[in-house]
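Colleague: task: produce atomic coordinates for the following.
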Amino acid sequence: MTSTEQEIRRGAPARAGAPRTAPARTGARRPSAPAVDRTATRPSTARTRPAEASAAKPARVRRPMSRKQRAPFVLLVVGLLCGGLISLLLLNTVLNRDSFTQNTLREETAQLQRENEALRQANAKKEQPAQLARDAELQGEKWDPTVGSIEVGQDR
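Modeller: Sure, this is the predicted structure:
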């Protein structure tokens, strides 16, 4: 087989000739393919010849699905849906309870931080030199300007 024959089989245009084009498609059938009347060639059914149909092949009886076959599946699906719903409700309840606990702990932490800051400020005020001198005088200590130190009461 030559390359030209291969090209023609693949639908490629011939080298020397004009390019081949497909015929325009219209709604009509090709003359080489006669129209087939499917109703005329349909084989006869069991209604017209019951003896032949029953002899050739036993009739298959189609049973509708009974409710007994569907019931376990339906109960399984409903049970799974109910179990999922209950588990989601329990999870939501636990998360909400933890959320309330978390909010309570945040409020307690904020209150303790405020108290801690107030105690730090009070301690800082008591450590100032003027406050230390006043507290010493209240306890009976005297200041000696010659020594430059505070004497602790020797009465004890």
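Colleague: name the element residue 143 belongs to?
Modeller: Per DSSP states H and E, residue 143 falls inside strand 142-144.
Colleague: what is the rounded mean pLDDT of that strand?
Modeller: What strand 142-144 shows for mean pLDDT is 73.
Colleague: what ranges do the helices span in the chain?
Modeller: For the chain, the helices defined by DSSP state H occupy 3-10, 50-56, 67-126, 129-138.
Colleague: same list, those, but as TSV with distance to residue 152 and mean neighbour count please.
Modeller: C-betas here are computed from N, CA, C, even on glycine. Formatted as TSV, the helices of the chain follow (distance: least, Cβ to Cβ, whole Å; neighbours: other Cβ atoms under 10 Å):
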stretch	distance to residue 152	mean neighbour count
helix 3-10	119	11
helix 50-56	128	11
helix 67-126	18	10
helix 129-138	9	11
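Colleague: in TSV: those helices, plus mean pLDDT and distance to residue 145.
Modeller: Converted to TSV, the helices of the chain look like this (pLDDT from 0 to 100; distance: least, Cβ to Cβ, whole Å):
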stretch	mean pLDDT	distance to residue 145
helix 3-10	69	122
helix 50-56	57	137
helix 67-126	93	24
helix 129-138	90	13
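Colleague: export the ones you listed to a markdown table and tack on distance to residue 153?
Modeller: Formatted as a markdown table, the helices of the chain follow (distance: least, Cβ to Cβ, whole Å):
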| stretch | distance to residue 153 |
| --- | --- |
| helix 3-10 | 123 |
| helix 50-56 | 131 |
| helix 67-126 | 20 |
| helix 129-138 | 10 |
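Colleague: closest to residue 146 out of those?
Modeller: helix 129-138 (16.9 Å; Cβ to Cβ).
Colleague: tell me the angle of that closest one relative to helix 67-126?
Modeller: With axes from the mean of the first three to the mean of the last three Cα atoms, to 10 degrees as the basis, helix 129-138 and helix 67-126 are set at 70 degrees to each other.
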